[in-house]
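Student: Just to be clear, the model below is a prediction. Sequence and coordinates:
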Amino acid sequence: MRSIRLPLIGCLLLIVAGMATCRKQDVPPAPVIIEKKAVVSSSTGEIIVPVSWYQLELKLIRETGGFSPPVAARAIAYTGITLYEAVAAGRSLSGQLNALRYVPKPDSWKRYNYAIAANSAMAQIIRSLFPNASAANQQLITQLENDNLQLYADTCHPDVVSRSVSFGRQVATAIHQWSATDGGKDGYLNNFPADYVPPVGPGLWVPAPPAFQRALLPYWGSNRTMVKPFTVNIPPPAFSTTTSSSFYQSALAVYLKGTAQTPEENLIARYWADGGGTFTPPGHLIAIATQLAVERNVSLASAARLFAQVGISLNDAGILSWKYKYKYNVLRPVTYIRTYIDSSWMPTIATPPFPAYTSGHATFTAAAGGILIARFGGNTSFTDQQKVPEGFAPRSFNNFQSMINEAAISRVYGGIHYEFDSESGKQTGADIARRVLDLQY
């Protein structure tokens, strides 16, 4: 047995693998340590390839300019679809996802190593999706591609290696060409378009303290979704300053929660903040999905399907949430509260620079959570290890719905959303997940 260390992110990923073969079923079990947090055994060992790429992609999201939550969700989605198509996990998503009309297929009667194909495909799509990554991080992409290839190439016939690498790159090229037509290709370059002028009037969004930033991605909601949405969004309560009104009472509830917060509520607000400089809310959710896939020893094909489903859900959650945000342009709690309740009040976490309704975090979490429920079961308990590097203790949940509910209410505890923002976001996310699960895989 040989020990192979992937040094791409320091000690982020250590793989101890036996000799690999060209047949997936022959790859021996491989203990995997993900960020030194959990040791498990993969039934094929091949899941180390996508897991290592998602580890790197999360680093790129943290460190590459312009990867706000919707932009990050878009990258995660195209990465997952590329992986899915590269490993021949089942029925192609071509013809099912909006405007995806062609994806290369492997040649019949020829041998492929699908771990190698997955590796080359993910390397190329991530390289394409993060063109503004630093030179050091671009080098990490090359390094990881080479390291992963060495796990399998030594015991494969050179023709199989070459064919598999070529196929993965062909898939990545096709997916990247499709991605370029969705309306979000250059989002990372223009998060705050100077030509956007927000509407003005009572109850409408204005830049919030303390940063008073311009509106983030006001046109994102017009991007092409990957699946056809069937959600019917319910308008928010009518704006009112009357103390008996639903809107005032919703704002008052945020204010009171912020001024009389329990330590646990404060922890929940901070745990799910995932603000600037982090892997973002979508990154947190794909990280949970990869952790669960490793812990439960899923196959490469099964992992590819899961990651594609989660990614598609996150992408469309970002688009629909941003569509509703700029359709209704609801002012943030901090603006309402400081104007009509307490001029000195500030929320627990920083208010992001876009309208309140609906909650992006609730939408993202309900969309991804709906996929996790379908894959692992509604009564599955788990422990989220993903915030340990940031100084948080692992956080356990009795089921995925508990995670969804906690992430949604965290924004109310944090003082940046009304509860109706979060409830509507949960509904939208659940609808997206159902639509994604209706695809044929």
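Tutor: Structure's in. What do you need?
Student: Convert the C-alpha atoms of stretch 131-142 to PDB, please.
Tutor: Taking Å, rounded to 0.1, in the frame of the first residue of the first chain, the C-alpha atoms of stretch 131-142 are listed here in PDB:
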ATOM      1  CA  PRO A 131     -10.600  32.800 -14.900                       C
ATOM      2  CA  ASN A 132      -9.800  35.600 -12.400                       C
ATOM      3  CA  ALA A 133      -8.300  33.200  -9.800                       C
ATOM      4  CA  SER A 134      -4.900  34.200  -8.500                       C
ATOM      5  CA  ALA A 135      -1.800  32.700 -10.200                       C
ATOM      6  CA  ALA A 136      -1.200  30.700  -7.000                       C
ATOM      7  CA  ASN A 137      -4.700  29.200  -7.100                       C
ATOM      8  CA  GLN A 138      -4.400  28.500 -10.900                       C
ATOM      9  CA  GLN A 139      -1.300  26.500 -10.100                       C
ATOM     10  CA  LEU A 140      -3.300  24.600  -7.500                       C
ATOM     11  CA  ILE A 141      -5.800  23.600 -10.200                       C
ATOM     12  CA  THR A 142      -3.000  22.200 -12.300                       C
END
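Student: Now do the buried residues in that stretch.
Tutor: 133, 137, 140-141 (16 or more other C-beta atoms under 10 Å). In this view, the C-beta of every residue, glycine as well, is placed from N, C-alpha and C.
Student: I'd like the average pLDDT over it.
Tutor: Across stretch 131-142, pLDDT averages out at 98.
Student: after the helix or strand of the chain with the lowest mean pLDDT, next one along is what?
Tutor: Within the chain, no helix or strand scores below strand 39-42, which has a mean of 27 by mean pLDDT, DSSP states H and E. Downstream of strand 39-42, the first helix or strand assigned by DSSP states H and E is helix 48-63.
Student: Give me the neighbour count for residue 88.
Tutor: The number of residues packed near residue 88 is 17, by other C-beta atoms under 10 Å.
Student: How about the secondary structure of it?
Tutor: Secondary structure for residue 88, judged by DSSP: H, G, I helix; E, B strand; the rest coil, is coil.
Student: got a list of what the most centrally placed residue in the chain touches?
Tutor: What sits nearest the mean C-alpha location of the chain, by C-alpha atoms, centre = their mean, is residue 282, with 2.7 Å. By C-beta atoms under 8 Å, 6 or more residues apart in numbering, the contact list for residue 282 reads 69, 72-73, 76, 314, 317-318, 364, 368.
Student: by contact count, what packs against whichever strand or helix holds residue 367?
Tutor: Residue 367 is part of helix 360-376, with elements assigned from DSSP H and E. The contact analysis (3 or more C-beta pairs under 8 Å, 6 or more residues apart in numbering; DSSP states H and E) places helix 360-376 against helix 69-86, helix 280-295, helix 300-328, helix 400-413, helix 419-437.
Student: between the first one and helix 300-328, how big is the angle?
Tutor: Interaxial angle, helix 69-86 versus helix 300-328 (axes from the mean of the first three to the mean of the last three C-alpha atoms, to 10 degrees): 150 degrees.
Student: Could you check stretch 283-300 and say which residues are buried?
Tutor: 283-300.
Student: typo on my end, it should be stretch 322-340
Tutor: 322-326, 328-338, 340.
Student: cool, stretch 79-95 as well?
Tutor: 79-89, 92-94.
Student: Kindly report the same for stretch 168-187.
Tutor: Buried residues in stretch 168-187 (16+ other C-beta under 10 Å): 168-176, 178-179, 182, 184, 187.
Student: Sitting in helices, which of these do you find?
Tutor: Using DSSP state H, the members of the buried residues of stretch 168-187 that fall within helices are 168-176, 178-179.
Student: Output those in JSON lines; the columns should cover pLDDT and distance to residue 127.
Tutor: Below are these laid out as JSON lines (pLDDT from 0 to 100; distance: C-beta to C-beta, whole Å):
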{"residue": "168", "pLDDT": "98", "distance to residue 127": "12"}
{"residue": "169", "pLDDT": "98", "distance to residue 127": "10"}
{"residue": "170", "pLDDT": "98", "distance to residue 127": "15"}
{"residue": "171", "pLDDT": "98", "distance to residue 127": "14"}
{"residue": "172", "pLDDT": "98", "distance to residue 127": "9"}
{"residue": "173", "pLDDT": "98", "distance to residue 127": "11"}
{"residue": "174", "pLDDT": "98", "distance to residue 127": "15"}
{"residue": "175", "pLDDT": "98", "distance to residue 127": "13"}
{"residue": "176", "pLDDT": "98", "distance to residue 127": "9"}
{"residue": "178", "pLDDT": "98", "distance to residue 127": "16"}
{"residue": "179", "pLDDT": "98", "distance to residue 127": "13"}
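Student: still on that earlier bit, out of the contacts of residue 282, which comes closest to residue 386?
Tutor: Nearest to residue 386 among the contacts of residue 282 is residue 368, at 12.7 Å by C-beta to C-beta.
Student: any idea how far the closest residue to that closest one other than its chain neighbours is from residue 159?
Tutor: Nearest non-adjacent residue to residue 368, counting by C-beta to C-beta, 6 or more residues apart in numbering: residue 285, 4.0 Å away. Distance of residue 285 to residue 159, computed by C-beta to C-beta, to the nearest Å: 39 Å.
Student: do residue 290 as well
Tutor: 32 Å.
Student: what does residue 151 give?
Tutor: Distance from residue 151 to residue 159, by C-beta to C-beta: 18 Å.
Student: Then residue 106?
Tutor: 14 Å.
Student: Tell me who's in contact with residue 316.
Tutor: Going by C-beta under 8 Å, 6+ apart, the list of residues near residue 316 reads 225-227, 229, 367, 432, 435-436.
Student: which one of those residues sits closest to residue 61?
Tutor: Distances from residue 61 to these, taken by C-beta to C-beta, are shortest for residue 367, at 17.7 Å.
Student: For the closest one, give me its contacts.
Tutor: By C-beta under 8 Å, 6+ apart, residue 367 lies in contact with 313-314, 316-317, 428-430, 432-433, 436.
Student: what does residue 248 give?
Tutor: 240-242, 340.
Student: how many other residues sit next to the closest residue to residue 167 other than its chain neighbours?
Tutor: Closest residue in space to residue 167, ignoring its immediate chain neighbours: residue 117 at 5.0 Å, by C-beta to C-beta, 6+ apart. Neighbour count of residue 117, defined by other C-beta under 10 Å: 27.
Student: Please give the element, helix or strand, for residue 117.
Tutor: Going by DSSP H and E, residue 117 is part of helix 114-129.
Student: ok, so what distance separates residue 63 from residue 242?
Tutor: Applying C-beta to C-beta to residue 63 and residue 242 gives a distance of 47 Å.
Student: Which one's more surrounded, those two?
Tutor: A count of neighbours by other C-beta under 10 Å puts residue 63 above the other of residue 63 and residue 242, at 14 against 9.
Student: Would you agree the more buried one is in contact with residue 135?
Tutor: No. Under the criterion of C-beta atoms under 8 Å, residue 63 is not in contact with residue 135, lying 11.9 Å apart.
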